[in-house]
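> model the following, please.
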Amino acid sequence: MNVKQYLDSTYLKTAAQANLSENENTEVVINCIQEAIDNDFKLIMIRPDKVVLAKKMIQKANSKVTIGTVIDFPLGNGTLEDKLVEAKQAIENGADDLDYVVDYEAFKRGEVDAVKEQVVQGTKLGLAHNKIVKWIIEVAALDNHQIVQLTTLIKNVVIANFSEKEYDKVFVKSSTGFYKTPEGVPNGATVPTIKLMLENSFPLPVKAAGGVRTYEEAVEMIQLGVKRIGTSAAKAIANGEISNSDY
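Residues are numbered from 1 along each chain as shown. As a prediction, this is how the structure comes out:
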């Protein structure tokens, strides 16, 4: 199976998180963008401040690789206005995909109307500019019941507010890759959590992010029904190698 068109090659570490200087971290980003171009991956997923750089490199290479970035990342607890301001800037800078972190803690507190409004307004902004929109629910922060509930909420909001032809442009996404879990507990996509998402997201597509590190795991996720895989090991996966990356 050619998995490349499912792969969102991902690098979201700040210089501080990577323990690098700003210049060194930018070099890592440049290498990731070039790797995505060279390997014809679906998308390069980077921080908002690197979108302009990616746009220039991809245009210069005359490549079809698309650009994704994250909004209100990684906690998702900014205001709706914060989310929209950040998303507008990403659109202006040339991003193709907007991966919002939904305020999952607000959801857990029962603030359902506020979460619904985020999903409506964030999705409306993205679709109005012909962008792909993804909502990260952070499965490692939720129990199974909450995964079902939050996935269903996003699905129902999209069905109620947008047209059928737009459903395939709004994803439910598993993880940021930055959630801190107890030692040994996965913080990304797992087969059980992805199954729960798929069972409750239809007709919206699902993106499995984090935790997919081998070609076999990628194929398994695709066969389950995911349409995108977010990984920092895209090249290793595409080449059938095993990666020790942390996302």
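> tell me where this structure has helices.
Assigned by DSSP state H, the helices in the chain fall at 15-18, 22-39, 51-60, 80-93, 104-108, 112-128, 144-161, 191-201, 215-224, 234-238.
> how about these, which one is nearest Thr176?
Of all these, the one in closest proximity to Thr176, counting by C-beta to C-beta, is helix 104-108 (10.0 Å). Bear in mind the C-beta positions are built from the backbone N, C-alpha and C, glycine included.
> neighbouring contacts of the closest one?
Contact with helix 104-108 is made by 75-77, 114-115, 137-138, 141-142, 146, 149-150, 153, as judged by C-beta atoms under 8 Å, 6 or more residues apart in numbering.
> which parts of stretch 71-87 are buried?
Buried positions in stretch 71-87, judged by neighbour count with 16 or more other C-beta atoms under 10 Å: 71-73, 76, 78, 80, 83-84, 86-87.
> how about stretch 125-139?
Applying 16+ other C-beta under 10 Å to stretch 125-139 flags 125-127, 129, 131-139 as buried.
> mean pLDDT and distance to Thr66 for the helices of the chain - can I get that in a markdown table?
Formatted as a markdown table, the helices of the chain follow (pLDDT from 0 to 100; distance: least, C-beta to C-beta, whole Å):
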| stretch | mean pLDDT | distance to Thr66 |
| --- | --- | --- |
| helix 15-18 | 96 | 24 |
| helix 22-39 | 98 | 9 |
| helix 51-60 | 98 | 8 |
| helix 80-93 | 98 | 13 |
| helix 104-108 | 98 | 26 |
| helix 112-128 | 98 | 13 |
| helix 144-161 | 98 | 21 |
| helix 191-201 | 98 | 21 |
| helix 215-224 | 97 | 18 |
| helix 234-238 | 94 | 14 |
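> ok, now which ones touch the spatially most central residue of the chain?
Geometric centre of the chain, nearest residue: Asp99, 4.9 Å, by C-alpha atoms, centre = their mean. Counting by C-beta under 8 Å, 6+ apart, Asp99 touches 45, 68-71, 73, 134, 136, 173.
> pLDDT wise, what is it at?
Listed pLDDT for Asp99 reads 98.
> residues in contact with the nearest residue to it once chain neighbours are set aside?
Leaving aside its chain neighbours, Asp99 sits nearest to Lys134 (4.4 Å; criterion: C-beta to C-beta, 6 or more residues apart in numbering). Residues near Lys134 by C-beta under 8 Å, 6+ apart: 68, 97-100, 170-173, 207, 228.
> Leu142 against Leu150, yeah?
Yes: if you go by C-beta atoms under 8 Å, Leu142 and Leu150 touch, sitting 6.6 Å apart.
> comparing the two, which residue is more hemmed in?
Using other C-beta atoms under 10 Å, the more surrounded residue of Leu142 and Leu150 is Leu150, with 26 against 19.
> so what's that one closest to, chain neighbours aside?
Leu150 sits nearest to Ile137 (C-beta to C-beta, 6+ apart), 4.9 Å away.
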